[in-house]
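*Asks:* Predicted model and sequence follow; I will ask about them next.
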Amino acid sequence: MTENTNESVDEIMKISKIKFYDEDESAKRKDYLEWEEYFMGIAFLAAQRSKDPATQVGACIVDDDKKIVAIGYNGLPIKCSDDTFPWSKNSDDPLKNKYMYVCHAEVNAILNKNSIDVKGCTLYVALFPCNECSKIIIQSRIKEVVFCSDKHAEKPHTVASKRLLDAAGIKYRQFVPNHKKIIIDFDKINES
Ligand SMILES: O=c1ccn([C@H]2C[C@H](O)[C@@H](COP(=O)(O)O)O2)c(=O)[nH]1
Ligand SMILES: [Zn+2]
């Protein structure tokens, strides 16, 4: 009985290793993006739409089937011109700084979702979400946050954000890329 079971396991292993091509000539490309690099890459590409001269943030929300359901970046609200509102950050007058006006990438992504909701989804985001975004992340039932930069870790809005996420039981972790850089070359498709 045991022998038979082992035999069938061996058989399955053999079948799963069958290749329908000559090893060297037809093997798949090795340098492809892993899923997480792809999702974070999309977040970074979206960030390139941002007009913020200092910090461009992109967000990409993915469901359990690895489908992208939402994308967003930091920018001014609809009908508020990029050229009318300020992009500075160090003015003594808070009304002359961007912070009062910019819609955060995570919020834009959640509001722009193309699914009914984002419950149980994972958020890939370039920068650790601030406390205001975390409130909305929690309320929209996102289950996990994967972030790239934690450059504002010492700031109260990040400390508060982590307290909120911890209390709500939402996991967060820093993204570890295999590829440090992803290059988009519009000419590459014409090669070979
Ligand atoms: O959760 C967040 C936090 C910040 N942002 C945006 C808002 C601003 O446009 C920049 C932060 O600017 P700094 O110059 O780094 O202070 O990032 C966001 O989209 N989501
Ligand atoms: Zn935010």
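*Replies:* Perfect, thanks for sending it. Residues are numbered from 1 along each chain as shown. Ligands and ions are numbered 1, 2, ... in the order given.

*Asks:* Which positions within stretch 49-62 qualify as buried?
*Replies:* 50, 52, 55, 56, 57, 58, 59, 60, 61, 62 (16 or more other CB atoms under 10 Å). From N, CA and C alone the C-beta is placed, and that goes for glycine too.

*Asks:* I should have written stretch 21-34 there, sorry.
*Replies:* Residues of stretch 21-34 include none that count as buried (16+ other CB under 10 Å).

*Asks:* That stretch: end-to-end distance?
*Replies:* 24 Å (CA to CA, to the nearest Å).

*Asks:* Can you tell me what sits against that stretch?
*Replies:* With contact meaning CB atoms under 8 Å, 6 or more residues apart in numbering, stretch 21-34 is reached by 41, 178, 179, 182.

*Asks:* Write the PyMOL selection for whichever of those residues are buried.
*Replies:* Per 16+ other CB under 10 Å, the buried members of these correspond to this PyMOL selection:
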select buried, resi 41
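
*Asks:* Just put the contacts of stretch 21-34 in a markdown table and tack on pLDDT, secondary structure and distance to ligand 2.
*Replies:* Shown next, in a markdown table, are these (pLDDT from 0 to 100; DSSP: H, G, I helix; E, B strand; the rest coil; distance: CB to the ion, whole Å):
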| residue | pLDDT | secondary structure | distance to ligand 2 |
| --- | --- | --- | --- |
| 41 | 98 | helix | 21 |
| 178 | 90 | coil | 28 |
| 179 | 88 | coil | 27 |
| 182 | 95 | coil | 24 |
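
*Asks:* Which two of the contacts of stretch 21-34 have the greatest separation?
*Replies:* Greatest spatial distance in these: 41 and 178, 11.4 Å, computed using CB to CB.

*Asks:* how about residue 107, what does it touch?
*Replies:* Contacts of residue 107 (CB under 8 Å, 6+ apart): 72, 132, 133, 136.

*Asks:* In three-state terms, how would the second one be classified?
*Replies:* Put plainly, it is residue 132. Here residue 132 is recorded as helix under DSSP: H, G, I helix; E, B strand; the rest coil.

*Asks:* between the buried residues of stretch 49-62, which is closest to residue 119?
*Replies:* So of those, ranked by how close each gets to residue 119 (CB to CB), first place is residue 61, at 10.8 Å.

*Asks:* For that closest one, name its beta-bridge partners.
*Replies:* Beta-bridge pairing for residue 61 (DSSP bridges): residue 70, residue 123.
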